[in-house]
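[1] Pasting the sequence and the predicted coordinates here, then a few questions.
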Amino acid sequence: MSFLPFAVAAWLFVAGLYGVISSDNLVRTIVSLTVVQSSTYVLLLGVGYVKGGKAAIFADIPQVSSAVDPVVQVLVLTDIVIEATVTGLLLALAVQAHKRFGSLDPNDLRALRD
């Protein structure tokens with residue numbers, strides 16, 4: 001088992017989190033959140049990786065061969081669909097905020113608190 005996928009996932013998470021914290025633009029914040037979300041793909045694929053593992057189609061391979069866990073693959077696909085949905089929703093909200101307030105700077109959206 002290699003440590004590299006976990007290190008890459010941690011690096012992506014930290015880089016995306018830094019982008020979310022330090023961004024002064026809603027679109028950059030959404031892109032940084034997407035980077036944070038993509039760290040979960042790498043983490044899940046690192047957990048589910050089997051060296052020399054075959055695809056989880058058991059009709060063609062012998063019973064003694066190792067196979068990759070299909071649950072991890074399904075979780076990654078589900079994660080991708082959820083990320084695309086959340087990103088689309090957040091971008092639509094950013095467009096509406098720009099139409100209403102004329103800016104994508106979160107500090108200019110303070111009027112929402114009143």
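    That came through, no problem. Numbering: from 1, shown residues only.
[2] only C-alpha atoms for contact and neighbour calcs from this point on.
    Fine.
[3] tell me which strands and helices the helix of greatest length in the chain is in contact with?
    Assignment by DSSP state H gives helix 70-101 as the longest helix of the chain. Counting contacts by 3 or more CA pairs under 8 Å, 6 or more residues apart in numbering; DSSP states H and E, helix 70-101 is packed against helix 26-48.
[4] Go through the helix it packs on and list whatever outside residues touch any part of it.
    Outside of helix 26-48, the residues within contact range by CA atoms under 8 Å, 6 or more residues apart in numbering are 5-6, 8-10, 12-17, 19-21, 23, 68-69, 72-73, 75-76, 79, 83, 87, 90-91, 94, 104-106.
[5] List the buried residues for it?
    Residues of helix 26-48 classed as buried: 26-27, 29-46, 48 (neighbour count, 16 or more other CA atoms under 10 Å).
[6] just stretch 89-97 next, same as before
    Across stretch 89-97, burial judged by 16+ other CA under 10 Å covers L90, L91, A94, V95, A97.
[7] average model confidence for that stretch?
    Averaging pLDDT along stretch 89-97 yields 93.
[8] just stretch 30-38 next, same as before
    For stretch 30-38, mean pLDDT is 94.
[9] quick one: the residue positioned nearest the centre of the chain from I57, how far?
    Central residue of the chain (CA atoms, centre = their mean): Q37, 2.0 Å from the mean position. Computed as CA to CA, to the nearest Å, the Q37 to I57 distance reads 28 Å.
[10] Equivalent analysis for A67, please.
    Counting by CA to CA, the gap from A67 to I57 is 8 Å.
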